[in-house]
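Trainee: fold the following for me, if possible:
(chains A, B, C and D)
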There are 4 protein chains.
Amino acid sequence: MNAPGSLPPVPSAHDDDHLHEECAVFGIWNARNAAALTTLGLHALQHRGQEAAGIVSCDDNSEFYSHRGLGLVSDVFSDPRVMATLKGNRAIGHNRYATTGATLLRNVQPLFAEFAFGGLAVAHNGNLTNSETLRKELILRGCLFQSTMDTEVFVHLIATSLYATVEDRLIDALKRVTGAYSLVVLSGDALIGARDPMGVRPLVLGRLSGTDGDGDSWVLASETCGLDIIGAEFVRDIEPGELVIIDNDGVRSLRPFGQTKPHFCIFEYIYFARPDSVLEGLPVYAVRKQIGQELARESGVEADIVVPVPDSGVPSAMGYAEASGIPFELGIIRNHYVGRTFIEPTDQIRNLGVKMKHSTNRPALNGKRVILVDDSIVRGTTSRKIVDMVRAAGAKEVHMRISSPPTQHSCFYGIDTPERSQLLAAQHDLKKMAELIGVDSLAFISQDGLYRAMGYESRESCRDRYCDACFTGDYPIPLIDHDKEFGTGTA
Amino acid sequence: MNAPGSLPPVPSAHDDDHLHEECAVFGIWNARNAAALTTLGLHALQHRGQEAAGIVSCDDNSEFYSHRGLGLVSDVFSDPRVMATLKGNRAIGHNRYATTGATLLRNVQPLFAEFAFGGLAVAHNGNLTNSETLRKELILRGCLFQSTMDTEVFVHLIATSLYATVEDRLIDALKRVTGAYSLVVLSGDALIGARDPMGVRPLVLGRLSGTDGDGDSWVLASETCGLDIIGAEFVRDIEPGELVIIDNDGVRSLRPFGQTKPHFCIFEYIYFARPDSVLEGLPVYAVRKQIGQELARESGVEADIVVPVPDSGVPSAMGYAEASGIPFELGIIRNHYVGRTFIEPTDQIRNLGVKMKHSTNRPALNGKRVILVDDSIVRGTTSRKIVDMVRAAGAKEVHMRISSPPTQHSCFYGIDTPERSQLLAAQHDLKKMAELIGVDSLAFISQDGLYRAMGYESRESCRDRYCDACFTGDYPIPLIDHDKEFGTGTA
Amino acid sequence: MNAPGSLPPVPSAHDDDHLHEECAVFGIWNARNAAALTTLGLHALQHRGQEAAGIVSCDDNSEFYSHRGLGLVSDVFSDPRVMATLKGNRAIGHNRYATTGATLLRNVQPLFAEFAFGGLAVAHNGNLTNSETLRKELILRGCLFQSTMDTEVFVHLIATSLYATVEDRLIDALKRVTGAYSLVVLSGDALIGARDPMGVRPLVLGRLSGTDGDGDSWVLASETCGLDIIGAEFVRDIEPGELVIIDNDGVRSLRPFGQTKPHFCIFEYIYFARPDSVLEGLPVYAVRKQIGQELARESGVEADIVVPVPDSGVPSAMGYAEASGIPFELGIIRNHYVGRTFIEPTDQIRNLGVKMKHSTNRPALNGKRVILVDDSIVRGTTSRKIVDMVRAAGAKEVHMRISSPPTQHSCFYGIDTPERSQLLAAQHDLKKMAELIGVDSLAFISQDGLYRAMGYESRESCRDRYCDACFTGDYPIPLIDHDKEFGTGTA
Amino acid sequence: MNAPGSLPPVPSAHDDDHLHEECAVFGIWNARNAAALTTLGLHALQHRGQEAAGIVSCDDNSEFYSHRGLGLVSDVFSDPRVMATLKGNRAIGHNRYATTGATLLRNVQPLFAEFAFGGLAVAHNGNLTNSETLRKELILRGCLFQSTMDTEVFVHLIATSLYATVEDRLIDALKRVTGAYSLVVLSGDALIGARDPMGVRPLVLGRLSGTDGDGDSWVLASETCGLDIIGAEFVRDIEPGELVIIDNDGVRSLRPFGQTKPHFCIFEYIYFARPDSVLEGLPVYAVRKQIGQELARESGVEADIVVPVPDSGVPSAMGYAEASGIPFELGIIRNHYVGRTFIEPTDQIRNLGVKMKHSTNRPALNGKRVILVDDSIVRGTTSRKIVDMVRAAGAKEVHMRISSPPTQHSCFYGIDTPERSQLLAAQHDLKKMAELIGVDSLAFISQDGLYRAMGYESRESCRDRYCDACFTGDYPIPLIDHDKEFGTGTA
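Mentor: Have a look, this model is predicted:
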């Protein structure tokens, strides 16, 4: 059914044929202006989700306050009267990019509920692989679902847990779910952060120095850029399978899953994370440049200029240019003024398609042999349009270089990927892909090349350190819902 | 806490010191344009709640569709694109006047939920007297509440019932609640109506003749005016304690509570119901005129004109004029163009107060001895302002006659009453009240007079036929939540 | 063309087949809270126009402030921040009902413009009969029109006048226009009121006693109810052809047109004015009752009940009942909760038509011989629907009595009338009209009867005292634009 | 006064201490989907003005259609129903960045007016230097102004011209104004483009090949990127002082001002134009890179990395890096997700200031000697914040290099510049500026260096080819209004 009481869905902004991260989380403890600092943290994490944002704050009396809305952080929290309602010195926040569930207001996080033990707010980034299975069980037990989000499964599991304390109920709930998640939870007494046992999605801990005799503030954020914006110091990554409890006694760490084998998402380095973030000790910007360098070494080609597909292809194109000695040029301009819903009313107009977001720097491209550097090819539709534009601007040759291995498998751990049947690299060999995209040559970085760029000898040498299922089909976490529906081994 | 994701509350329109009905319900089965007919039914029932409206419809494939919003029916359902989404040949709808829970969008009915057995939508008019008690129990069992409405207690009781069928679960739920309610429920297979065992709130059954070979449609509505607007024929009142199940096999009746003693709300006749409705066999308009006649007989006074306080006082003033032979005049004009939020920016302006809604017909009042007829006195603030206005227009004497007995007790059965401490008649004797209101004389109809006007010999002769707790303090349904909080016998 | 920069038009609320007044004006001089008092005055005059409202205020430094919007006064001026911007101790305001020009925001009054001599704001009620002619002349001279309102013609005439002072320019402009108008004008130095030489549209002068050592405030308003709401005392009607100039020296009166023959609009008494207003010395409510009495005398019929078509038919129905001795009953209920845009999505629903605003009091009508009293018949469509409803409610006979003579001619003086071809009484004789409306008998008050009800012996005896062109076709003011287009004598 | 009927002003997006172009214009003749193509053209020109947008279209019957609104093109024209109203095969459009007049809806272009000869729509980019003088004259003649835009002066001059044809009236009007302007005008018969005699602001002519037997379309746009987006071929720049008339007979050219000395705005190359545009034969991107190279030659400094201040500083930083051999690094990340109104509710937060739009790439900057390249310094406030951020990220040294000469004078030709007293370079010498901004060294490109980068030998060698008054104070067009107010020679 369509949703009772729902707002109309916000038109999707992700028709640009990219993979998309679904969400960002942020939390802060013991800070004056906790909600305001949370808006800043969410703003810095806006690249991880632009469709909705929400904040729940809490004061010393365990009173909770909340505001959520569709749109950018800077729009949802633009009204000072709204900000004034978000009282208290602790808060959690969330940016949403809809993976599971259309973007209705009721699907906006954080979720808040009153429990027997008091209020609790939960926000999460990732995707559960057994949420449908759990949802059906919970409905059979009489639980009522108000949204289609995985997060609500968490909340019901906490609510129906037979344990007494928030901590025990939370651990009980985490033990029942499988999947990839980074969680922030706000109770009346504590701010809690958690990463799944594999640590697929990122979560970092920071500290903001207190002023005027206030103690220090503790901060949780999906990426370090969420700490930088408020001047918080990076303390450490939350570890895979770790539960961090922040309260007035400081920071405690629990490891309910014992020893686990981490599998951090490799695509965070390639595309999702902001270039100024540092993930698991590696600076994203430097990794991207090194991938570009490796790519130049692996699949060099004679050409006049190296041109990035903006904005994400820029650092690897810089690396490529550096390693190849071919000049780096801004041959494609990105238009940042695209509003939510640009209507293209006729076929004539629709055919102009991709030009709404990109335009070519004709004088720079005309007569040139061009190496285009992009981060990935999903369906190939955008790549085709970009190549056509570049040729129309007078390029003599177009060579495409991709800073990731071919994307051949869907992600079930929180990335919005199309089905395999729509993934170009899952359907065609390299030659056919080059033909479909219309380039003179096409190359992806090799799997080993990717890991070399990150400082390893090869993929084998860091096996099980990263999740690269989208390239390899090696899914480290069982796909429970998926296998129930389709049988095992079909992803 | 304030509400996660909530819209700002709509400013209350009920600062006019009246008692207010909280809600209207409507349902229709087997009708093309079911949702459109529901908007009409709700429109005719708009006087029972103006703050929000909602409809859930359902088609033959048990797919549900829904739209809810804050505002008048004619605003919430004004967009044809919205109407087009409300598919199916059956629907229920609801007008809300906020009693329990501020008017947030999430507090707007009907509520819809997916159960193990399929979808179910519920709308209700009335108030449960043990909802807090039940809510706490349900939260302890792990139920999550998303609203502050009594209706959600119903829905959780249905969800957690151990019975198998919708009917059995519904009956199970009804047996656990106490209070006053008229319910409409829409499942994939049936439209269900129910009244509480005392039948405090009204609910009627109607039939709309089919056209073009469609069968007849069945209709449920809070009042007969909801049938009239769509041309449906009145069939009968749903009986107290009755459960009516309407499906493709027709109409069935269940009586899960066995024999019960009805106590219909007397105030429906005095003020709440629309004058063109017929409740429990008695036409409201005629009852009001008879009350006016009785009032004239009981407490006649020499005067020049009888003036109603519009709009509700008109029929009783007409009856009073008829019985007394004193001319009926429209001495007070009501301004119907009051928008939602009229700001009165300074004290000078605020003192002009009540004149926003009423103005005096100065030429008609000047130099006259005036009998003002109104339906009730709650806090007395509006009465005082009206009297002052009438005197300022030149009235020589002002005598107030009230077509109900003194309102001395709060209602716990679905009417928005202030606490006893704010009820003028609970705090002062008649003489003091007259003084506070500023009239030359004041009289209420007697309790026996009220029942005489309705065709009985006295209150005694129809004891237990009506609920008149607001006048007498005789509460027919236990006040479970209230007694837990304040001890028994304190209402 | 459609309008540059325009808002979408507000759906018309006047599909109810009534004649409609176009506008109200209000002005106040020397009052703290001038803008707030103006909102109250406009609110009391809301019946004269509901589609848009505007206020221009001015302070002692001749700085002007303005706010205008589409909707009811209480909505347009509901924001205290808006009110705070309307500074100064003098203001004029306007309610609009669109006659000339669709209701776009740019067509909302008061108009404000900067002239060589300073700022000037103008608001007007009425209609010019040579505005098209003047507009064409002004465009030829190079004037640019931003709206389609007559008021803008005034403003351009003032701007292009060769006279030096505001007064002289205003008189110059007034001498060039023909038509019906009541004007309020606010300059940096004065508040000015004016009525056309025939005094077709009303305008009254009032005084509000000063408090705290402030001097008295002077008030101009379309009707006395605009004075009453703010507690201002009625001083006198502005006279036909009079120009009243209110400034710090008090009130002066100019008569630029010399002696003129007044022709006040008779329809103000019958329908437009609020019943509590007093126009040209006659109380509207009393006149309406007397018309009802006269109507009963002229065209009595045997029946059981007299039923008004609410709200406008109520006083005349009361008069009819009184004179005939037949009981007055509220057989038709008006629903005041009709929002701006109620969609009736299918033919089945559309056929339910008029029931959105009216419903029948079935128990009161069933089996009765009914006399329906209404104020006028325009196209007859609403009358037909009302009659059908009353019959469907069980009335045995329906007799319609109309408190105005047959409306056979269009108004060109500020009333929104359909063309003659659409006026039922212009196309058919009484018998045919009765048949088309579906009544057992039909009668209008006679022209002489109407004037008798107003205290004259006959129409002849007060000839040229009133404009009754809509009944008689005697147009007292030349129809210049109309005659240019259609030739003379065709209205 | 504040504005009658105005919407609240859109909060300024230009608090980032940059100079800003005020507007873009676009026009198209003989194109199916003329309005849709205009939205695309305006979208490509969005960098020239983001506060409002408007389109007026016209069909073969000389009927005009219009829509204007506040916001981005992609928002104002997102509704297909709006687009459907913009009929016809010719249109003009405008993006607004408010210079003269706050951004109220009534200040949004194109302006449309009905003249004696028919409708006419006008949009303009630039600034008149005698508009106040003309406005006063026109008001004295009785013209009424509805906006505060220069464009309205044009329109009144056309309206009051004594010439007969549109062309003659337009030329008459152009001869009376002084200043910088590029105009597009749409009459019932023709699309007209015009540049002021000095050609300060750009305007180009393009052609779009017809399909399906339609003839070719002619296009006017502020920059070539407005042609590229719709696939139109660049034909030529409109020449300074040229009037181009496009109608069904093709393209004609008039030169009402005879021979003139062009002075194209040099700042278009430095900052305003999009890098992919070609202005007066020179590609913007290449010019910017060459400026960067020249800057490196003129004021080299030992350092580890060259970092652009994004987005505008990127090409010159690339040129600088190339010429200096110092690596180019993206040390500052721009956040493109800044909504209209981000509230920073407390001082603590406000101090975080510039970080809303920029963040530092800490790993890339830490421990490095950094050369920051930016396009200009206006007040210096943003520069100071950027420098502080870069130091906070660990930079050992910060050297700032500016790709324009010091901005020491205000612009009166269409650029939004602060007064001289607020221009850092007008108040301080280089050493003091470096100290105030907090850099280890500061250098601007020299005036001769700038012209060398554009292919000339020196400034002297291309004297009078460009307007560089903001650097030199040599104003080629008289500042009539300004000199009247302040005396001559004070700008």
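
Trainee: what ranges do the helices span in the stretch 51-200 of chain A?
Mentor: A:73-76, A:80-85, A:131-140, A:150-160, A:166-176 (DSSP state H, counting those that start in this stretch).

Trainee: in the first one, what counts as buried?
Mentor: For helix A:73-76, a neighbour-count test (16 or more other CB atoms under 10 Å in any protein chain shown) marks A:73-76 as buried. Backbone N, C-alpha and C define where each C-beta goes, glycine included.

Trainee: pLDDT and distance to chain C added to the residues you listed, as CSV?
Mentor: Compiled in CSV, those are given as follows (pLDDT from 0 to 100; distance: CB to the nearest CB, whole Å):
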residue, pLDDT, distance to chain C
A:73, 89, 25
A:74, 84, 22
A:75, 83, 20
A:76, 88, 22
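
Trainee: near chain D, which of those show up?
Mentor: For chain D, the contacts drawn from the buried residues of helix A:73-76 by CB under 8 Å from any CB of the partner chain are A:73-75.

Trainee: coming back round to it: can you tell me which of the helices of the stretch 51-200 of chain A comes nearest to chain B?
Mentor: With CB to the nearest CB as the measure, helix A:150-160 is the member of the helices of the stretch 51-200 of chain A nearest chain B (3.4 Å).

Trainee: surely residue A:401 is in contact with residue A:371?
Mentor: Yes: at 5.9 Å, residue A:401 and residue A:371 qualify as touching, with contact defined as CB atoms under 8 Å.

Trainee: show me which of the two is the more surrounded one.
Mentor: Taking neighbours as other CB atoms under 10 Å in any protein chain shown, residue A:401 and residue A:371 compare with residue A:371 leading, 32 against 28.

Trainee: now name the helix or strand holding the more buried one.
Mentor: strand A:369-374 (DSSP states H and E).

Trainee: got it, and residue A:333?
Mentor: Per DSSP H and E, residue A:333 falls inside strand A:332-334.

Trainee: and that strand, what does it pack onto?
Mentor: If you count contacts as 3 or more CB pairs under 8 Å, 6 or more residues apart in numbering or on different chains; DSSP states H and E, strand A:332-334 packs onto strand A:358-360, helix A:381-392.

Trainee: quick check: angle from the helix or strand just after the longest one to strand A:369-374?
Mentor: Pointing back at helix A:381-392 there. Under the assignment DSSP H and E, the closest C-terminal helix or strand after helix A:381-392 is strand A:397-402. Comparing the axes of strand A:397-402 and strand A:369-374 via axes from the mean of the first three to the mean of the last three CA atoms, to 10 degrees yields an angle of 20 degrees.

Trainee: shared neighbours, residue A:401 and residue A:371?
Mentor: Taking CB atoms under 8 Å, 6 or more residues apart in numbering or on different chains as the criterion, residue A:401 and residue A:371 both touch A:301, A:320.

Trainee: got a pLDDT number for residue A:99?
Mentor: Residue A:99 carries a pLDDT value of 49.

Trainee: what is the neighbour count of the nearest residue to residue A:139 once chain neighbours are set aside?
Mentor: Closest residue to residue A:139 apart from its sequence neighbours, by CB to CB, 6 or more residues apart in numbering or on different chains: residue B:116 at 5.3 Å. By the criterion of other CB under 10 Å, residue B:116 has 14 neighbours.

Trainee: mind listing what residue A:316 touches?
Mentor: Residue A:316 makes contacts with A:288-289, A:291-292, A:295, A:308, A:373, A:375, A:403, as judged by CB under 8 Å, 6+ apart.

Trainee: you'd agree it is in a strand?
Mentor: No: counting by DSSP: H, G, I helix; E, B strand; the rest coil, residue A:316 falls outside a strand, being helix.

Trainee: what about the nearest residue in space to it that is not next to it in sequence, how many residues close to it?
Mentor: Closest residue to residue A:316 apart from its sequence neighbours, by CB to CB, 6+ apart: residue A:292 at 3.4 Å. For residue A:292, the neighbour count with other CB under 10 Å is 30.

Trainee: same deal with the one 3 residues further on?
Mentor: Taking other CB under 10 Å as the neighbour definition, residue A:295 ends up with a count of 29.

Trainee: hang on, isn't it packed against residue A:442?
Mentor: No: using CB under 8 Å, residue A:295 makes no contact with residue A:442, being 11.9 Å away.

Trainee: quickly list what's touching both of these two.
Mentor: A:401-402.

Trainee: biggest strand in chain A, by residue count?
Mentor: strand A:118-128 (DSSP state E).

Trainee: just give me how far stretch A:419-439 sits from the chain centre.
Mentor: 25 Å (CA atoms, centre = their mean, to the nearest Å).

Trainee: equivalent analysis for stretch A:218-234, please.
Mentor: For stretch A:218-234 - counting by CA atoms, centre = their mean - the centre lies 16 Å from the chain centre.

Trainee: what about that stretch, near chain D?
Mentor: Yes: counting by CB under 8 Å from any CB, chain D is contacted by stretch A:218-234 at A:225, A:228-231.
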